[in-house]
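Chemist: have a look; sequence and predicted model below, questions after that.
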Amino acid sequence: MSEAKAEIDPKIGMIMGSQSDWSTMKLGADILEQLGVAHDVQIVSAHRTPDRLYDYAKSAVSRGLNVIIAGAGGAAHLPGMIASMTRIPVLGVPIQSKALNGMDSLLSIAQMPAGIPVGTLAIGEAGAKNAALLAAAILANNDASLANRLDAWRAAQSAAVADKPE
Ligand code: RP5
């Protein structure tokens with residue numbers, strides 16, 4: 001998977017459990033691109049690449065990440081395991097699984113024990129898009145230029161809604 005933003009110090013790290021998650025998570029990455037938010041994208045599996053997961057979480061602070069977006073499906077342990085090893089806020093995206101339509105992913109990500117939070121978004125594409133928008137909004141609190149770009153993005157979305165159905 002390619003680096004989705006060329007800047008050296010991404011503020012947002014986007015990870016996912018599998019290549020199969022990318023078609024969903026890419027919708028969020030596309031929004032970060034539109035907003036000009038530096039981010040990087042990696043596959044990190046809680047089950048298949050546990051050492052990679054550990055290294056990612058333990059280096060998140062020193063790499064300067066401000067928010068981690070983590071998408072996973074099925075037994076979706078990735079967001080919670082990352083959150084257990086770093087104080088960087090984690091936004092979890094439940095991937096719409098084939099077997100249970102994403103309910104397994106949603107419950108795996110949302111039902112964290114008290115003390116280790118994961119901000120959980122909606123199942124599937126809406127969740128991926130909103131995770132990106134939420135991450136950008138968090139950064140925009142301390143970035144006036146990004147705040148303007150996010151305001152413009154939201155205004156354009158509003159303007160694109162027709163008054164009446166066709
Ligand atoms: C999870 O298992 C991934 O996040 C993915 O959603 C799911 C299925 O993975 P694949 O079998 O498609 O690689 O770890």
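Modeler: Cool, the structure landed.
Chemist: and the protein, which residues reach the ligand?
Modeler: With Cβ under 6 Å from any ligand atom as the criterion, the chain comes near the ligand at residues 16-18, 20-21, 45, 72-74, 95. C-beta: built from backbone N, CA, C; applies to glycine.
Chemist: can I get the residues you listed in TSV with pLDDT, neighbour count and secondary structure?
Modeler: Below are the residues of the chain next to the ligand laid out as TSV (pLDDT from 0 to 100; neighbours: other Cβ atoms under 10 Å; DSSP: H, G, I helix; E, B strand; the rest coil):
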residue	pLDDT	neighbour count	secondary structure
16	98	27	strand
17	98	27	coil
18	98	17	coil
20	98	13	helix
21	98	24	helix
45	98	18	coil
72	98	30	strand
73	98	28	coil
74	98	18	coil
95	98	29	coil
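Chemist: who are the packing partners of the helix or strand harbouring residue 34?
Modeler: In the assignment (DSSP states H and E), residue 34 maps to helix 22-35. If you count contacts as 3 or more Cβ pairs under 8 Å, 6 or more residues apart in numbering; DSSP states H and E, helix 22-35 packs onto strand 12-16, strand 39-43, strand 67-72, strand 90-94, helix 125-140, helix 144-159.
Chemist: hmm, residue 18 is touching residue 45, no?
Modeler: Yes: in terms of Cβ atoms under 8 Å, residue 18 counts as a neighbour of residue 45; the distance is 6.4 Å.
Chemist: and the helix holding residue 34, how far from the chain's centre?
Modeler: 9 Å (Cα atoms, centre = their mean, to the nearest Å).
Chemist: centroid residue for this structure?
Modeler: residue 69 (2.4 Å; Cα atoms, centre = their mean).
Chemist: hmm, residue 11 and that residue touching each other?
Modeler: No: using Cβ under 8 Å, residue 69 makes no contact with residue 11, being 11.3 Å away.
Chemist: next, the angle from the helix holding residue 34 to helix 144-159.
Modeler: Relative orientation of helix 22-35 and helix 144-159, computed by axes from the mean of the first three to the mean of the last three Cα atoms, to 10 degrees: 110 degrees.
Chemist: got the buried residues for helix 22-35?
Modeler: In terms of neighbour count (16 or more other Cβ atoms under 10 Å), helix 22-35 has its buried residues at 22, 24-29, 31-32, 35.
Chemist: list the contacts of that helix.
Modeler: By Cβ atoms under 8 Å, 6 or more residues apart in numbering, the residues outside helix 22-35 that reach it are 1, 4-5, 12, 14, 16, 39, 41, 43, 69, 71, 93, 95-96, 124-125, 128-129, 131-133, 135-136, 146, 149-150, 153.
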